[in-house]
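Student: Here is the input, now give the coordinates:
(6 chains)
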4 protein chains.
Amino acid sequence: MGTRAPRADALRNRARILTAAREAFARDGVDIPLDTIAERAGVGAGTVHRHFPTKEALVTAVIADRLDHLADRAAKFGDNPAEDFFTFLAELTDSARDNLALASALNGTLGTEGEASTARLAEALQSLLSTAQRSGDVRRDVTALEVHAILAGVLATESRLPPTRRGLGLEIAIAGLRPTSAQPRGDSDAKRG
Amino acid sequence: MGTRAPRADALRNRARILTAAREAFARDGVDIPLDTIAERAGVGAGTVHRHFPTKEALVTAVIADRLDHLADRAAKFGDNPAEDFFTFLAELTDSARDNLALASALNGTLGTEGEASTARLAEALQSLLSTAQRSGDVRRDVTALEVHAILAGVLATESRLPPTRRGLGLEIAIAGLRPTSAQPRGDSDAKRG
Amino acid sequence: MGTRAPRADALRNRARILTAAREAFARDGVDIPLDTIAERAGVGAGTVHRHFPTKEALVTAVIADRLDHLADRAAKFGDNPAEDFFTFLAELTDSARDNLALASALNGTLGTEGEASTARLAEALQSLLSTAQRSGDVRRDVTALEVHAILAGVLATESRLPPTRRGLGLEIAIAGLRPTSAQPRGDSDAKRG
Amino acid sequence: MGTRAPRADALRNRARILTAAREAFARDGVDIPLDTIAERAGVGAGTVHRHFPTKEALVTAVIADRLDHLADRAAKFGDNPAEDFFTFLAELTDSARDNLALASALNGTLGTEGEASTARLAEALQSLLSTAQRSGDVRRDVTALEVHAILAGVLATESRLPPTRRGLGLEIAIAGLRPTSAQPRGDSDAKRG
DNA sequence: GATGAATGAGTGTTCATTCAT
DNA sequence: GATGAATGAACACTCATTCAT
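Tutor: A predicted model of the protein is given here:
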């Protein structure tokens, strides 16, 4: 025990930078100057670079953090097949709405930033998806990666919807993900490999 | 008055700039330097600014042009209620796929560029939509503007889908736009290719 | 011939930048900021970059210019074997004395800047050297490249000599370049002027 | 008092910094960041500054150390007039070859760093030189400071010579430092314009 | 004393925009 | 009108130096 705070202010600054960056990226997109982020975080420009050697590293860190956060959240579910899946989509949508950077990340506008975390999220999505598919509430032919892409679309939609209509994009996606009406529902059939 | 060729080359230059900008924005996104566009258009940088006082103006013009083009296309339809509507969505999706700038415009990433044309497109969408709604193949509660937002989402989805799965985003949106299965719409199940 | 001044001020600016850079590099070394050079040349920082896309390009241009100048000068000689050779060495020494950048270039401190011109200079040196060697006034085993290196040494020496002793470094190098006294050269006493 | 180990590690750190700096400066030149040196020395950046308040102080210390080392070495000679002198020049040349910092110091590229040690070295050089001059093997008109400058030149030359020709610069300097064969001693000729 | 995080002025470079030709 | 050179404010990033721990 007794690990004294090894570098208390460094941790605090790192957190402040991440927070400032998260907000700045969310509100203004990732093109915002690092100097602005440094200023908002109340640190010098050099400090930002000490913690994140390049701007890309900071962007990745912020995105990855958001993505990981979502993946963690996804892992918490597990009881109600379809409900869980759709609820998670809703949460994700809410998280990313009005977050330009997260939206960009999910849109693929950002190159390969946060790739690892994107994969983690896809994995988390996978189990929710599989369960929901097994229960017969979701089309069996879509993969987690595809759901990820659909999510990106939902976010894009939501960001253009007036506040009074929030949720419509998700609603439509969810409706579209259900098995075609030809197969009523009820039991689950053919689980996919 | 003897205006032999009043501004023949001015018109030509304008067209060349727009063409170059369209391609450049589509391929490389709107962050591409104006100098590059000028060079590709075979004109001087000053000429670009004569025609489009700011870069934003050029971006708007290009987007508006694309949007108008789509609106024009939409106006050509009108015979088969649901089919027309869905076909148009498919065309729009195809147009924007791999067009970074158009995708951005539809994503709302670009601020208010091309607002007027966005409205025009929404209008064109409106009549297709109304017809399809009247025929009972599309949810009655969505407006043209909302379809526009959904379109943005479809594009975002499609851009993240592997080539082998192209069309899935649109397919799901279309499925989601159908009236809920609870209230079957008579026949109608518009299969798409 | 009627080639109207195609871009008179561009040429003038280029010349001013080169002049300012030459003086700045000579006096302060190549680590001087480009902004300072721009300021001294009376142009904006961007203008420097238009003419010389990177700092290295400017350094190279300045060095190459100096080196070419010397090579040109070398080409003018050709009558008195030993005298020409030694006189050229003296000229080169005078040129580079108090020129930090040129000295650096000849010292090899500068990486590969101006390599082509270094080669040109070596070539020019070659013919002077060959002639002097054939006349028996210079050791036959040294090559032009080696003379180049020796020159670098002379410059380094001269830069550390008090003004009253200028020329001593060259004098010693010249003496050292003569054939060993064991094989007296009959005439030859190459007074240098 | 009980100063058990008063500042044992301080001394050790100082030594480690000097060693790291010596190697770093030698290999990479004096433009290498202090952080790199600190890291190689296994100390913090602040520790470097405690021992050497500015970077210039560290550079000076390293150079001075090298110069002192050479001066010490020079003091060890004393038996064979000319031989000692020339051997020392050879040693010095070998020491500085591939030592960017030392070469810089001797080149005068470094401003006034290590002036005191430069003087010490000159002094050591002086006695070797005087002895050699008295024995008639070295020109009588050169001073120790001038030999120092010549040494700088030799180093510059050597650094540009291909490995197969190492020693040529020194050889020529040595030859040039011998009394002119024609005139046993007495006057010198070689007036330059 | 040692540490290494923080600082912040400074560097090379880019690019939308202006303006002389 | 067209040209493309000039401008200069940004920008990401570096690094000697300072300072809290």
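Student: all contacts plus neighbour counts: C-alpha atoms, from now on.
Tutor: OK.
Student: Burial check on residue A:93, number of neighbours?
Tutor: 23 (other C-alpha atoms under 10 Å in any protein chain shown).
Student: That should have said residue A:45, apologies.
Tutor: For residue A:45, using other C-alpha under 10 Å, the count is 15.
Student: What are the buried residues along the helix or strand where residue A:91 lies?
Tutor: Residue A:91 belongs to helix A:81-96 when assigned by DSSP states H and E. Within helix A:81-96, the residues that qualify as buried by neighbour count (16 or more other C-alpha atoms under 10 Å in any protein chain shown) are A:81-82, A:84-86, A:88-90, A:92-96.
Student: quick one: that helix near chain B?
Tutor: No: judged by C-alpha under 8 Å from any C-alpha of the partner chain, helix A:81-96 stays clear of chain B, getting no closer than 12.2 Å.
Student: Show me the shaky parts of chain A.
Tutor: Per-residue confidence for chain A (pLDDT under 70) gives these ranges: A:1-6, A:78, A:106-114, A:181-193.
Student: Quick check: residues of it near chain B?
Tutor: A:107-108, A:146, A:149-161, A:169, A:171-177, A:181.
Student: Give me the buried entries from the residues you listed.
Tutor: So, of these, A:107-108, A:146, A:149-161, A:169, A:171-177 end up buried under the neighbour-count rule (16+ other C-alpha under 10 Å).
Student: Excluding covalently adjacent residues, which one is nearest to the residue of chain A at minimum distance from chain B?
Tutor: Among the residues of chain A, residue A:153 lies nearest to chain B; the distance is 3.5 Å by C-alpha to the nearest C-alpha. Spatial nearest neighbour of residue A:153, chain neighbours left out: residue B:153 (3.5 Å); criterion: C-alpha to C-alpha, 6 or more residues apart in numbering or on different chains.
Student: elements contacting the helix or strand encompassing the one you found?
Tutor: Following DSSP H and E, one finds residue B:153 within helix B:144-160. Using 3 or more C-alpha pairs under 8 Å, 6 or more residues apart in numbering or on different chains; DSSP states H and E, the elements in contact with helix B:144-160 are helix A:100-107, helix A:144-160, helix B:81-96, helix B:100-107, helix B:115-134, helix B:168-177.
Student: rewinding a little: and the gap between the residue of chain A closest to chain B and chain C?
Tutor: Separation of residue A:153 from chain C (C-alpha to the nearest C-alpha, to the nearest Å): 42 Å.
Student: ok, now residue A:48?
Tutor: 25 Å.
Student: which residues sit in contact with that residue?
Tutor: Contact analysis of residue A:48 by C-alpha atoms under 8 Å, 6 or more residues apart in numbering or on different chains lists A:14, A:17, A:34, A:38.
Student: Let me know the helix or strand that the residue nearest the centre of chain A is in.
Tutor: Geometric centre of chain A, nearest residue: residue A:67, 4.2 Å, by C-alpha atoms, centre = their mean. Assigning secondary structure by DSSP H and E places residue A:67 in helix A:55-75.
Student: Off-centre distance for that helix?
Tutor: Distance, stretch centre to chain centre, for helix A:55-75: 7 Å (C-alpha atoms, centre = their mean, to the nearest Å).
Student: could you check the angle helix A:100-107 makes with that helix?
Tutor: 80 degrees (axes from the mean of the first three to the mean of the last three C-alpha atoms, to 10 degrees).
Student: just checking, what packs against helix A:55-75?
Tutor: Packed against helix A:55-75 by the contact rule (3+ C-alpha pairs under 8 Å, 6+ apart) you find helix A:8-28, helix A:81-96, helix A:100-107, helix A:115-134.
Student: Turn those into JSON lines, including distance to residue C:63.
Tutor: Shown next, in JSON lines, are the helices and strands packed on helix A:55-75 (distance: least, C-alpha to C-alpha, whole Å):
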{"stretch": "helix A:8-28", "distance to residue C:63": "45"}
{"stretch": "helix A:81-96", "distance to residue C:63": "55"}
{"stretch": "helix A:100-107", "distance to residue C:63": "47"}
{"stretch": "helix A:115-134", "distance to residue C:63": "46"}
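Student: Out of these, which gets nearest to DNA strand F?
Tutor: Smallest distance to DNA strand F across the helices and strands packed on helix A:55-75 (C-alpha to the nearest atom of the strand): 6.3 Å, for helix A:8-28.
Student: next structured bit after the closest one?
Tutor: helix A:34-41.
Student: any residue of that following helix up close to DNA strand F?
Tutor: Yes: using C-alpha under 7 Å from any atom of the strand, helix A:34-41 reaches DNA strand F at A:34-35.
Student: tell me which strands and helices that helix is in contact with?
Tutor: Helix A:34-41 packs on helix A:8-28, helix A:45-51, going by 3+ C-alpha pairs under 8 Å, 6+ apart.
Student: just those helices: most buried one?
Tutor: Each of the helices and strands packed on helix A:34-41 was given a mean neighbour count from mean count of other C-alpha atoms under 10 Å in any protein chain shown, and the largest, a mean of 18, is that of helix A:8-28.
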